[in-house]
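> coords please:
(chains A and B)
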Amino acid sequence: MAEGIKDKVAIIGMGCTKFGERWDMSANRLMVEAFLEALEDAGIEKKDINAAWSGTCYEEVSVGKSAIPLSVTLKLPYIPATRVENFCATGSEALRGACYGVASGAFDIALAVGVEKLKDTGYGGLPQTDTQVGTSFRFAFPNYTPPGMFAMMGTRYFAQYGLSPEEGKRVLAHITVKSHHNGAMNPKAHLRREVTIDEVVNAPIVAWPLGLFDCCGVSDGAAAAIVCRADIAKKFRPDPVYVKALQIAASSGWEIMCCEWDYAHVESTVHASRRAYKEAGIKDPRKEISMMEVHDCFSITELTIYEDLGISPRGRAKVDVEAGFYDLNGTIPCQPDGGLKCFGHPIGASGLRMMYEMYKQLQGKAGPRQIKNPKYGLTHNMGGIPPMNVVSVCIVGL
Amino acid sequence: MVGITSYGAYIPLYRIQRMTIYQALGWLNPASLLPGEKAVANYDEDSLTMAVAAAVDCLNGMEREEIDGLFFATTTLPYKERQNAGIIATALDLRADARTSDFTASLKSGTGALISAYDAVKSGSAKSVLVCAADCRLGKPGGYQEEIYGDGAAALLLGNNDVIASIEGTYSLSYDFSDNWRSDEDKFNRTWEDRWIRDEGYGKFIPEAISGLMKKYDLKPKDIAKVVYPCLYIGAHASMGKGLGFEKGQIQDHLFTFIGNTGTAYPLMILVAALEDAKPGDKIIVASYGNGSDAILLQVTDNIKKLKERRGIKKHLASKKDIGLYEKYVTFREVLPIDTGGRGEEVAPTQMTILWRERKWLLGLRGSKCRRCGTPQYPPQEICANPKCGAVKEMDDYRFSDKRGRLFTYTGDILAFSPSPPAIYGMVDFEGGGRWMFDLIDCELDSLKVGMPVEMSFRRKFHDLSRRLYVYFWKATPIRA
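Numbers count the residues shown, from 1 in each chain, chains lettered A, B, ... in the order given. Next up is the predicted model:
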């Protein structure tokens, strides 16, 4: 394995808008809001930025294609700018572009911005773009939605580990209740109401066996990060956050074509996380990771991520969930900011939003949600569907 | 000897009780109530998909490479221009040099296609021709036609090897009798007065054709085991057979109170029912009705005993589900313009270039099978999908449409648009290997189980309204009967 980028890049500034149904805000204005916060946080001037990466997924209801909208909106003339897109892992891709750019020595300071404006479609859920799996595949794919694709993981997980739908749904409800508890304390979160197990299991079904509360918020929002060479980071602030690992894995699709894959886990997460642990020098993630923000687009996704990351044993995440292992006061708090579930999920912004929470926690600025003395924070950002996807795992620390 | 070498049928799963229609619209036309029920297509079925289903039932594992032609008869063509038989042939994965034709515009076009196929085989220009007939007609809400029209299909394979029922002769009548018509501007059929239809058309042409045939071949009613003809009026159907000198037991049940009048497919569906009970040596007469009549004489051979079991009429009749609501029926047939919601309105442009280029896997459900590791895979791959193999361009064609599978996982999705929510879909593991995700149809969410067996069914995938295109694909269904 190549030597990687451990401790070569530091995050010195971050910004994140309030997520939610921002009816009065365009994607461009959301971008400005996140960018200005990051710029102020870093204490740099706009002219100090050498390059920029823009992450946005659904150009149909957002700023459009290319990085030009970023340069135009933020007025960043003539610097290298690139748009990246990797479904729901888009935000992490923007950050990866900026970090790799700096680590390569091409730039001293780089910007990553992720934005999505989902609430301009006129209906609930994500935009219906049936060509997003390709213009040919579209004719051979079911008329699916993301809840349905992940619901099938629930059906399969329950069958594989012998849980009745009722038992399974109660386990998943624990995850949701925990994230709502955290999100309720977060002023920037979209959904800020505590819920009970009974409310969750009795909610209307969206895609069997997943109910309304098993699904994350569909939100507008933007987040931004400013990264620089690690050796100059302390010139800007005393508490920069260092990138320990940044890995991404894309599946080859054998999962959807060959009969071996179990649809009860996401293989890309296994690969991305193992490479990230190696890059960061982590031997036992269950003992060494202090906290994490994972891609909880649906409750079942979060349950399986615990296992795919190698933190809970296979088929045993239920035990950890019920023991409060992932609660805010647990051993490895997961989704301290409310997660996609409650903070919301403006696609292009989510990977950077996860990092925003890890960054604030490491700096001790998470207010009532502050975790005691965190050492390593992990973000896990997944794009696509369980049988065909891309997963990014990033580890940061002081 | 030339004749039928195999038969198949298709009756959609749904039935509507005629009382259900009457309860909804009987106030409009109190005289319209008829007994029984009729078969109604699901929202994703039309005459073309039902023809494919009947053909699959008829082929029943036979070699498709040996079929030289496919004739499709219907009055409800999905396309006025774009050969419908060509779509069926592609879905069935027939050879490109198999000749295809649409027979249309009259309810006797089913028997017309059968006679043409017989002539083709007899002349030696084809060895084997598949005839499919299907209809899915619409009567205006509240009218008599709505009560009588049913949906269904039949398929007959004509050839000169292993004939199960030889065709011994034909007799045709053609009259421009406009009892029933639909112009190119019409969605629904229009008709003239019933008494005139019954007494001057239906009641005369069928007897004229049947007696003409019997005279031509010097037959007496007692020589005939079964006489088959469509039902338009229950009373007239019975008296017509009696008038021709047939005993009640010689008249094949018309199925009118079970499936309705299924148009071009109707006489052929009743013929399939007759063949299901036929014995070697039986003579059968089948006659159609529509702008005249075709009458065909068949003689059953010993080979009928060797025919593999299939669903045919009997099993399809027994496998049914009450649609329950009249409103559901008119929604499925796009008679009631429902609110699809914003999500249902979003249909991306359909690219004909793609449908052509990728036709073998998008219409024919053909994948590939790796010569090196033996893994079947869908869609067809150039580089083997098996991560342990990865062979490059070592693939053979592999047909999935005739393979059964097991439901590996599934969901019922309320968010996705469906005319019959929830949208049910799942992952299918095929017997022999290979998996893909498919819509599931003709099932209820509660009846599904991980691991249950499923089979493939050719359906409309979506209706691209702005370009007036029906796009077809395969869906999975629980094994029917």
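> ranges for the helices of the stretch 201-350 of chain A?
A:254-257, A:267-280, A:285-288, A:299-308, A:317-323, A:339-343, A:347-362 (DSSP state H, counting those that start in this stretch).
> out of these, which comes closest to residue A:147?
helix A:299-308 (10.1 Å; Cβ to Cβ). Using the backbone N, CA and C atoms, a C-beta is placed for each residue, glycine as well.
> and the closest one with helix A:267-280, angle?
Interaxial angle, helix A:299-308 versus helix A:267-280 (axes from the mean of the first three to the mean of the last three Cα atoms, to 10 degrees): 50 degrees.
> Send over helix A:299-308 as PDB, restricted to the C-alpha atoms.
What follows is helix A:299-308, C-alpha atoms only, in PDB (Å, rounded to 0.1, in the frame of the first residue of the first chain):
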ATOM      1  CA  SER A 299     -31.900   2.900  10.300                       C
ATOM      2  CA  ILE A 300     -31.000  -0.500   8.800                       C
ATOM      3  CA  THR A 301     -28.000   1.100   7.000                       C
ATOM      4  CA  GLU A 302     -26.600   2.300  10.300                       C
ATOM      5  CA  LEU A 303     -27.100  -1.200  11.900                       C
ATOM      6  CA  THR A 304     -25.200  -2.900   9.200                       C
ATOM      7  CA  ILE A 305     -22.500  -0.200   9.100                       C
ATOM      8  CA  TYR A 306     -21.600  -1.000  12.800                       C
ATOM      9  CA  GLU A 307     -20.800  -4.500  11.600                       C
ATOM     10  CA  ASP A 308     -19.100  -3.600   8.300                       C
END
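> any residues touching it, and which ones?
A:150-151, A:153-154, A:157, A:171-173, A:175-176, A:210, A:213-214, A:264-267, A:269-270, A:273, A:294-296, A:312-318, A:320-321, A:326, A:334-335, A:339, A:341, A:380, A:382 (Cβ atoms under 8 Å, 6 or more residues apart in numbering or on different chains).
> Based on its surroundings, how many neighbours for residue B:463?
By other Cβ atoms under 10 Å in any protein chain shown, 17 other residues sit near residue B:463.
> now it, what's its secondary structure?
Classification of residue B:463 using DSSP: H, G, I helix; E, B strand; the rest coil returns strand.
> what domains does the record give for the chain?
In the absence of a named chain, this looks at chain A. What the record gives for chain A is the domain set A:9-122+A:220-235, A:143-215+A:241-397, from automatic domain parsing.
> Actually, chain B is the one I wanted.
Chain B breaks down into these domains under automatic domain parsing: B:3-332, B:341-365+B:400-478.
> what would those look like in TSV with mean pLDDT and distance to chain A?
Conversion of these to TSV gives the following (pLDDT from 0 to 100; distance: least, Cβ to the nearest Cβ, whole Å):
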stretch	mean pLDDT	distance to chain A
domain B:3-332	97	11
domain B:341-365+B:400-478	96	4
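> Count the residues that sit near the closest residue to residue B:453 other than its chain neighbours.
Excluding its sequence neighbours, the residue lying closest to residue B:453 (Cβ to Cβ, 6 or more residues apart in numbering or on different chains) is residue B:479, at 5.1 Å. The number of residues packed near residue B:479 is 10, by other Cβ under 10 Å.
> ok, residue B:445 - contacts?
A:208, B:412, B:422, B:424.
> mind checking which helix or strand the nearest residue to the third one once chain neighbours are set aside is in?
The shortest distance from residue B:422 to any non-neighbouring residue, by Cβ to Cβ, 6+ apart, is to residue B:412 (3.6 Å). Using DSSP states H and E, residue B:412 sits within strand B:405-413.
> ditto for residue B:269
Judged by DSSP H and E, residue B:269 forms part of helix B:266-276.
> what about the helices in the stretch 1-150 of chain A?
Under the criterion DSSP H, counting those that start in this stretch, the stretch 1-150 of chain A contains helices at A:27-42, A:68-74, A:90-103, A:146-160.
> With mean neighbour count and distance to residue B:327 added, can I get those in TSV?
Putting these into TSV (neighbours: other Cβ atoms under 10 Å in any protein chain shown; distance: least, Cβ to Cβ, whole Å) gives the following:
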stretch	mean neighbour count	distance to residue B:327
helix A:27-42	22	41
helix A:68-74	19	47
helix A:90-103	28	43
helix A:146-160	25	26
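> out of those, which comes closest to chain B?
Shortest distance between chain B and the helices of the stretch 1-150 of chain A, using Cβ to the nearest Cβ, is found for helix A:146-160: 3.7 Å.
> Do me a favour and average the pLDDT over the closest one.
Looking at helix A:146-160 alone, the average pLDDT works out to 98.
> Over to stretch A:67-85?
97.
> repeat for stretch A:290-304
98.
> quick revisit: and the strand holding residue B:412, what other elements does it pack with?
If contacts are counted by 3 or more Cβ pairs under 8 Å, 6 or more residues apart in numbering or on different chains; DSSP states H and E, strand B:405-413 sits against helix A:146-160, strand A:205-207, strand B:423-430, strand B:453-464.
> Format these as CSV; extra columns: distance to residue B:82.
Converted to CSV, the helices and strands packed on strand B:405-413 look like this (distance: least, Cβ to Cβ, whole Å):
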stretch, distance to residue B:82
helix A:146-160, 32
strand A:205-207, 35
strand B:423-430, 28
strand B:453-464, 13
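> With respect to residue B:257, which of those lies nearest?
Closest among the helices and strands packed on strand B:405-413, using Cβ to Cβ: strand B:453-464, at 26.0 Å.
> With that, I have no additional questions.
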